[in-house]
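**Student:** sequence below, structure please.
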Amino acid sequence: MAVFSTLTVTSCTEKTYGPLPTDDQLAWADMEYYMFCHFGPNTFSGLQWGLGNENPDIFNPTELDCGQWVRTAKEAGMKGIILTAKHHDGFCLWPSKYSTHTVAQSAWRDGKGDVVKELRDACDKYDFPMGVYISPWDRNHPAYGTEEYNRIFAGTIEEVHKNYGPFFEQWFDGANGGADIPDYDWPLFHKAVYDNSPHAVIFSDVGPGCRWIGNESGYAGETNWCRLDVEGFAPGKQAPSQEILNTGQSDGAEWIPGEVDVPIRADWFYTTTNESTLKSLDELMEIWFSSVGRGSNLILNVTPDQRGLIPYADSVRLMEFKAARDAYFAKPLASCTGKSRKAVLKVKEPSKCIVLQEEIKYGQKIKAFTVEALVGDNWQQVASGTTVGHKRMLQFSSPVNASKIRVTVTDAFAKPMLKSVTVY
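**Tutor:** Numbering: from 1, shown residues only. Below is the predicted model:
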């Protein structure tokens, strides 16, 4: 049951407000959760940022099975997978014509191996979306640091997308080799992506498809706008502040939602010494509520080991995480759908959490809301929040015994549209 009431509207009351997501961004938001795979020479050297002078023979996965990666991700409830096809060391996990630091120069599979193709084939087999990380920083390529390198890197992007795409997401790291490095030609790089993967959502500090959330700890801001001003900014050292990246901007000119990237272990690449840093189930659940539960997507890094397999302990933890989420959200106590300012839901059992979704295809409008519980004859506030966006989850401090739960949008830029409200 949903009813309407008055609220503060600080701007126009048109159906749409501000920048709007594209269809590709809407589909991306619905994915919510996918796997990051950092894999390469660093997996074998123990480094996190390789130097680019590694002997290619160091890369030697003895039991590579990309199908195992995809099966694990699917069974864990993830909706896609993104591979570091080239990290800062410049080593390409495919035989690139733009580099002499690739799998083709290694002894692995007599120089005929191709990790990107094997993952592409596995994703096709299991009907699983694939994305790719390609670092513009290259600590091996002799042309890096020259204007010519921009054209070389654009060719590298085109090569990967044309031969192995299309991809659902292109991940760009803004790292570079120093202040004296010529500016990256981001428009050229974006064109190379869109010409071959027209529906890809491009990640960087400033999008244009989605943005870094400002930390690698697993937390979006409690206030999290899908909007950002990008004029005068660029990925890396020219990015907005981490605080702005974490919260977005309520008046930002572009629709650039947040993505939370965090490793399941302390490091991004596998090392033989970091198994003890595997995140606990409680930590992962906290990350879930602080990422997906604050309107961002979650990309969880689960790195393959030196065999080329996701380690057993990591896989077990992922399945525990999936089971915990399923159990937590198994029994909706009440729900309503529709474009309303206020929702009143009847409940018959103690509730622990409420999940709100905004109809973001019309823009992000909601600035503040309250959650109240009818206990006896009295309404008591049990939670409140600012932004909603694609999804907002709020856990109550203790189980709420109430006959009704009421959600009221108290402030909005324009006529708010709640897509759904569900109590658990």
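**Student:** tell me the pLDDT at the residue lying farthest from the centre of the chain?
**Tutor:** The C-alpha centroid of the chain is most remote from D377, which lies 43.2 Å away (CA atoms, centre = their mean). On pLDDT, D377 comes in at 95.
**Student:** and for T303, the neighbour number?
**Tutor:** For T303, the neighbour count with other CB atoms under 10 Å is 25. Where C-beta positions appear, they are placed from N, C-alpha and C, glycine not excepted.
**Student:** got the contact list for it?
**Tutor:** C37, H38, F39, T43, P263, R265, D267, W268, F269, Y270, I310 (CB atoms under 8 Å, 6 or more residues apart in numbering).
**Student:** quick check: phi and psi on the residue farthest from the centre of the chain?
**Tutor:** phi -110, psi 10 (degrees, to the nearest 10).
**Student:** now do N378
**Tutor:** Main-chain dihedrals, N378, degrees, to the nearest 10: phi -120, psi 140.
**Student:** any idea what it is bridged to?
**Tutor:** With DSSP bridges applied, N378 shows beta-bridge pairing to V375.
**Student:** for it, grab the count of nearby residues.
**Tutor:** Burial measure for N378: 9 neighbouring residues, criterion other CB under 10 Å.
**Student:** quick one: low-confidence ranges for the stretch 101-250 of the chain?
**Tutor:** 179 (pLDDT under 70).
**Student:** helices of that one, residue ranges please.
**Tutor:** Counting by DSSP state H, counting those that start in this stretch, one finds helices in the stretch 101-250 of the chain at the ranges 115-125, 147-164, 186-194, 242-247.
**Student:** how about the strands in the stretch 51-200 of the chain?
**Tutor:** Taking DSSP state E, counting those that start in this stretch as the criterion, the stretch 51-200 of the chain contains strands spanning 81-86, 130-134, 169-171.
**Student:** quick check: the nearest residue to E275 once chain neighbours are set aside vs M319, distance?
**Tutor:** Nearest non-adjacent residue to E275, counting by CB to CB, 6 or more residues apart in numbering: A313, 6.2 Å away. Here the distance between A313 and M319 works out to 11 Å (CB to CB, to the nearest Å).
**Student:** try S397
**Tutor:** For S397, the distance to M319 - CB to CB - is 29 Å.
**Student:** equivalent analysis for L278, please.
**Tutor:** For L278 relative to M319 (CB to CB), the value is 13 Å.
**Student:** also V230?
**Tutor:** 39 Å.
**Student:** show me what contacts the residue lying closest to K346 once chain neighbours are set aside?
**Tutor:** Closest residue to K346 apart from its sequence neighbours, by CB to CB, 6+ apart: K404 at 5.6 Å. By CB under 8 Å, 6+ apart, the contact list for K404 reads V344, L345, K346, V347, A373, L374.
**Student:** domains of the protein?
**Tutor:** For the chain, the structural domains run 2-16+331-423, 32-328, going by automatic domain parsing.
**Student:** tell me which two in the contacts of K404 are the farthest apart.
**Tutor:** K346 and A373 (11.8 Å; CB to CB).
**Student:** hang on, the earlier thing: bridging residues for the residue nearest to K346?
**Tutor:** Assigned bridge partners for K404, using DSSP bridges, are K346, L374.
**Student:** what's around I366, how many residues?
**Tutor:** By the measure other CB under 10 Å, the count of residues near I366 is 25.
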